[in-house]
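> Provided below for reference: sequence and predicted model.
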Amino acid sequence: MTTDFSPYHQLWARQLLAEFEDIQSQYGLALEAPIFEISETLKQYGSWQATLRTIRISAHLITRCSWDVTCLILKHEMAHQICSELFHDTSSDHGPVFQRACQLLGLPASYRHASSDLPGPATSAPSGNAQTEKGRRFISRIGKLLALATSANEHEAALAMEKASQLMTRHNLQQLQEDAQSDFASLIIHTRSQRLESWQRKICVILLQFFYVKVVTSSLYDPLRNAQVKTIEIFGREENVTVAEYCYSFLAGQLASLWQQNRSRINGKGLRVRNSYYLGLLQGFYDKLKAQKELTEAANPPRPTMAPRQAHPTAIAILIRAEDAALDQFVGLRFPRLRRRSGGKTFIYRETYEQGRADGQQIVLHKGVAGQSSGQGLLLAENR
């Protein structure tokens, strides 16, 4: 049975106009708004009709894909509009003029060509190159180490987690030294909620501090609910993004599981009690990762025999700053006018929080990450 989405068409066209204006504001453009039409065609996801000044977007695209993909197709058609109205190029090909227009919109390379096949919503590193192959080997090794952390032996589990942490640090420093300008990837976590919880922001802080990624919280339109929902977007090297996504999903699942296991011994009821316990759990896990990182750094000081570029702390700092600058530029293509904000006040029950903090010290990352979907302090970047 085919669902009739025609009642949504006017709402979607209105939202596309809002996205069009927002993209203009973000990238500093001055285009005249076109007419927006929702088409029923299965042959084209989008089109720009210069003579009619109309952008058509397929309802099939909107219902099949998440809204971020629809926005990328919208950018593609806006690039054709730029060619027509700003560059006065009457051709409809995807040559140098079109590529220049795409650059103005920060459009990923995978969305700059004419194709009936949709690429993935995330901007990812090219497949098959040496750098990506290194990343796959790294993810495989991390997965095997984290799988060992399921051991009932506390010391064996802790050792596996410590080795995984050391491997992440060593891998990323090596990547910095070998190729500071390598490709980055991004991935969107859809919360499906109109509100971002304090515990979700705390997980983002953990990702920022310990997983070599940057995180942007934003909102994305849900076309079937006609509502804005919160998203968490992770940016970084492809392998780091994969590990960070796994960590987010794992921790979110652990919070609910540990709450169910321990709620009978916790005084009080309601969301504030639960969130106090959640935040305590995450702070305990944060403390554990921080202590492990400090031990790793203390146990592995620079060797005198290392090359000066490797051994000198200033050289490493310069490399990290270069990495941050390159990653910031990559994030800027997606969010050119990014604002930063600190977390607001969260009211907690101290006793419940401390109970959670003690339990959080026992959390160990487990299960492999293969095949599954530098810090900024306590600031999360947010796009509104």
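Happy to help now that I have it.
> for the longest helix along the chain, buried residues please.
Of all the segments of type helix in the chain, defined by DSSP state H, the longest one is helix 271-299. Going by neighbour count (16 or more other CB atoms under 10 Å), the buried part of helix 271-299 is 273-286, 288-289, 292-293, 296. Just so you know, the C-beta spots here come from the backbone N, C-alpha and C atoms, and that holds for glycine as well.
> same check, this time on stretch 94-114
Across stretch 94-114, burial judged by 16+ other CB under 10 Å covers 94, 97-98, 101-102, 104-108, 110-112.
> so who does the closest residue to residue 76 other than its chain neighbours touch?
Here the nearest residue to residue 76 in space, its sequence neighbours aside, is residue 111; by CB to CB, 6 or more residues apart in numbering that works out to 5.5 Å. If a contact means CB atoms under 8 Å, 6 or more residues apart in numbering, then residue 111 has 72-73, 75-76, 102, 119 as its contacts.
> restricted to buried residues, select those residues in PyMOL.
Listed next is the PyMOL selection for buried residues among these, using 16+ other CB under 10 Å:
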select buried, resi 72+73+75+76+102
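> turn the contacts of residue 111 into JSON lines, including pLDDT and secondary structure.
Formatted as JSON lines, these follow (pLDDT from 0 to 100; DSSP: H, G, I helix; E, B strand; the rest coil):
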{"residue": "72", "pLDDT": "95", "secondary structure": "helix"}
{"residue": "73", "pLDDT": "96", "secondary structure": "helix"}
{"residue": "75", "pLDDT": "97", "secondary structure": "helix"}
{"residue": "76", "pLDDT": "96", "secondary structure": "helix"}
{"residue": "102", "pLDDT": "96", "secondary structure": "helix"}
{"residue": "119", "pLDDT": "58", "secondary structure": "coil"}
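> adding distance to residue 262, write the contacts of residue 111 out as a markdown table.
Supplementary listing: the contacts of residue 111 in a markdown table, determined by distance: CB to CB, whole Å:
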| residue | distance to residue 262 |
| --- | --- |
| 72 | 43 |
| 73 | 46 |
| 75 | 47 |
| 76 | 50 |
| 102 | 52 |
| 119 | 44 |
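> tell me the one of the contacts of residue 111 nearest residue 89?
Closest approach to residue 89 among the contacts of residue 111 (CB to CB): residue 102, at 13.0 Å.
> return the residues in contact with the closest one.
By CB under 8 Å, 6+ apart, the contact list for residue 102 reads 75-76, 79, 111-112.
> rewinding a little: now for the longest helix of the chain, which elements pack on it?
Using 3 or more CB pairs under 8 Å, 6 or more residues apart in numbering; DSSP states H and E as the contact definition, the elements that helix 271-299 packs against are helix 154-178, helix 198-210, helix 238-262, helix 350-360.
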